[in-house]
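[1] pasting the structure only:
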């Protein structure tokens, strides 16, 4: 037996912060402010201010394990909190500013937040729920859009007198670094605790060439909010590699994002499909307005992106979309849809592969199971619930809730209904709560949505289950048409007919101005079901 062994070196976020100062001190952090001006700082500034922040929070009584909440847009101050709070041994809790005040009150109380750091522009929202949360002892206000008044401590004034150096403590890599909550579309949101170890491993794998491939020459734009699932780990990946990072602030409309991408020569951006649908529509209207030639990849996740979107960016604008899948419970990256070099595919098959959710990244295991919990074949056709496990997959929720989502043999039940093909590429057919069960057969709402959004007149489509007196459930399609375009129900039905069995075709089409969304930008099908779920029953009885 060999006597040698490796060092027991802790995998903590502190390493990324120290590395940023040592090797990437001049790397730039760009923030778009509420008034659309841009502020610029460096990674050296990030380290210096993180030290000041750690001293200030310690002076306010924040200790190991205490939760420090943020109610903030994507900006440099938020990035300081991303690094300083975990490095001092406390736990960062990012509050989703798009949730209802009652949900925010529940989450802040459930997490037992001790300190809240809030943007001045978001104080009206904070005031709506703060009185319900008794555990909050201190409020710190970032003056993002003006001077800070008496609502709380001024963030800049708090940091100003503090030393700009701190000896961060040696931490247990399995200690909590961040807590994020699910969006809570059914029941109360649930807390997922990210450890230092899980975040570091997630970052290292994300930076691999065949995952997201970050490098120091990249310019990274996290369109995905920093309050959602650690912004998919993008801030940590940028800091770890010394990539320049561009933070959009509150301006997430397509024109503002395109202006920022072109001006700052962004190479990598990531967000949910609804963001990219709007960007593609604007690019189609004004193809010469923005120079995006620096862009090497745009990652779409959070919901299934239609193939027409992926193809539209590439064929009309020469922009590569990389499809990915993950959840709050997976820290969040689980799969990436790269086309492996060993696959010999024509253009159509390549698009189909890139429109899948991809295959598992290193250290993530995937399988799908049937109603009896037995693994199903990887044949590309058999549908079942996706289960995953790995070093950055949740093993439980904060407080021990939702035990039914975790199997005895260590798998997490995602709630996604998928197929997996022989090459390991996973395709989401639906969520278990959204899959349409008609006459004993499963119908994939996602497949119908993707087909509808390939119609030139359709901007967005959401397919959902409506109750039916004979079949139990039948699909209805909510459609938003492109500006200036028209399409009839018969025309849309004819567009679908060659692709699906007759029983898959929607019983009706609802033309809406806007499809309701969740707090993270996904289509909110529960609201569509609540509003239109009895439409077919009413027709049958009337």
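    The structure has been received and is ready for your questions. This is a predicted model, so every value here is computed, not measured.

[2] Show me the shaky parts of this protein.
    1-2, 184-187, 440-441, 519-520, 542 (pLDDT under 70).

[3] Name the residues that touch the longest helix seen in the chain?
    Across the chain, the longest stretch assigned as helix under DSSP state H is helix 43-59. With C-beta atoms under 8 Å, 6 or more residues apart in numbering as the test, helix 43-59 has contacts from 17-18, 20-21, 24-27, 29, 68, 76, 79-81, 83-85, 87-88, 90, 115, 158-160, 162-166, 168, 239, 242. All C-beta spots, glycine's among them, are computed from the backbone N, C-alpha and C.

[4] likewise stretch 470-477?
    436-439, 443, 445, 448-449, 452, 461-468, 492, 504-510, 528, 532, 535-536.

[5] now that stretch: how far from the chain's centre is it?
    30 Å (C-alpha atoms, centre = their mean, to the nearest Å).

[6] Give the buried residues for it.
    471, 473-477 (16 or more other C-beta atoms under 10 Å).

[7] try stretch 289-301
    So, applying 16+ other C-beta under 10 Å, buried residues of stretch 289-301: 290, 292, 295-296, 298-301.

[8] Dump the buried residues of stretch 470-477 to CSV, plus distance to residue 263.
    CSV is the format used below for those (distance: C-beta to C-beta, whole Å):
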residue, distance to residue 263
471, 53
473, 48
474, 48
475, 43
476, 42
477, 38
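
[9] Next one: residue 130 relative to residue 106, how far apart?
    Residue 130 is 13 Å from residue 106, where distance means C-beta to C-beta, to the nearest Å.

[10] I figured residue 226 hits residue 71, correct?
    No - Residue 226 lies out of contact with residue 71 (C-beta atoms under 8 Å); the separation is 11.0 Å.

[11] Looking at the two, which is more packed in?
    residue 71 (25 against 22; other C-beta atoms under 10 Å).

[12] okay, now residue 3: neighbour count?
    Neighbour tally, residue 3, other C-beta under 10 Å: 4.

[13] Output the buried residues of stretch 289-301 as JSON lines; include the columns distance to residue 354.
    Listed next are the buried residues of stretch 289-301 as JSON lines, based on distance: C-beta to C-beta, whole Å:
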{"residue": "290", "distance to residue 354": "23"}
{"residue": "292", "distance to residue 354": "19"}
{"residue": "295", "distance to residue 354": "16"}
{"residue": "296", "distance to residue 354": "15"}
{"residue": "298", "distance to residue 354": "12"}
{"residue": "299", "distance to residue 354": "12"}
{"residue": "300", "distance to residue 354": "10"}
{"residue": "301", "distance to residue 354": "13"}
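
[14] List the ones among the contacts of helix 43-59 that fall in helices.
    17-18, 20-21, 76, 79-81, 83-85, 87, 158-159, 239.

[15] Kindly write the PyMOL command that selects the buried subset of these.
    Under the burial definition 16+ other C-beta under 10 Å, those of the ones in helices among the contacts of helix 43-59 that qualify are selected in PyMOL by:
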select buried, resi 17+20+21+76+79+80+81+83+84+85+87+158+159+239
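
[16] of the ones in helices among the contacts of helix 43-59, closest to residue 7?
    Residue 7 lies nearest to residue 18 out of the ones in helices among the contacts of helix 43-59, by C-beta to C-beta, at 16.6 Å.

[17] roughly how far apart are the residue nearest to the closest one when sequence neighbours are not counted and residue 228?
    Closest residue in space to residue 18, ignoring its immediate chain neighbours: residue 47 at 7.5 Å, by C-beta to C-beta, 6 or more residues apart in numbering. For residue 47, the distance to residue 228 equals 25 Å [C-beta to C-beta].

[18] more neighbours, these two?
    residue 47 (26 against 23).

[19] Would it be right to say that residue 387 lies in a helix?
    No - assignment of residue 387 by DSSP: H, G, I helix; E, B strand; the rest coil gives strand, placing it outside any helix.

[20] Can you give me every residue that contacts the residue nearest to it when sequence neighbours are not counted?
    Nearest non-adjacent residue to residue 387, counting by C-beta to C-beta, 6+ apart: residue 411, 4.0 Å away. Residue 411 is in contact with 367, 387-389, counting by C-beta under 8 Å, 6+ apart.

[21] what about residue 411, distance to residue 9?
    Taking C-beta to C-beta, one finds residue 411 at 30 Å from residue 9.

[22] and if you look at residue 388?
    27 Å.

[23] which one of these two has more residues nearby?
    Higher neighbour count among residue 388 and residue 9: residue 388, with 24 against 8, using other C-beta under 10 Å.

[24] need the contact list for that one.
    330, 334, 360, 364-366, 411-412, 414.

[25] Any idea what it is bridged to?
    Following DSSP bridges, residue 388 is listed with bridge partners residue 366, residue 412.

[26] separation between it and residue 251?
    From residue 388 to residue 251 the distance is 34 Å (C-beta to C-beta).

[27] repeat for residue 385
    Taking C-beta to C-beta, one finds residue 385 at 38 Å from residue 251.

[28] now residue 220
    17 Å.

[29] More neighbours: which of those two?
    Legend: neighbour count by other C-beta under 10 Å for residue 220 and residue 251, higher for residue 220 (23 against 16).

[30] the strands in the stretch 201-350 of the chain, which residues?
    219-222, 244-247, 268-271, 297-300, 321-326, 333-336 (DSSP state E, counting those that start in this stretch).

[31] Let's have those strands in a markdown table, adding distance to residue 403.
    A markdown table is the format used below for the strands of the stretch 201-350 of the chain (distance: least, C-beta to C-beta, whole Å):
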| stretch | distance to residue 403 |
| --- | --- |
| strand 219-222 | 33 |
| strand 244-247 | 37 |
| strand 268-271 | 32 |
| strand 297-300 | 32 |
| strand 321-326 | 22 |
| strand 333-336 | 21 |
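
[32] tell me which residues in the longest helix of the chain are buried?
    Buried residues in helix 43-59 (16+ other C-beta under 10 Å): 43, 45-57.

[33] And stretch 253-270, by the same measure?
    Buried residues in stretch 253-270 (16+ other C-beta under 10 Å): 254, 257-262, 264, 266-270.

[34] before we move on, what about stretch 65-81?
    66-81.

[35] Which member of the residues you listed is positioned nearest residue 101?
    Nearest to residue 101 out of those is residue 71 (C-beta to C-beta; 11.2 Å).

[36] Might you report the residue contacts of the closest one?
    Counted by C-beta under 8 Å, 6+ apart, residue 71 has contacts 95, 97, 104, 116-119, 122, 125-126, 227.
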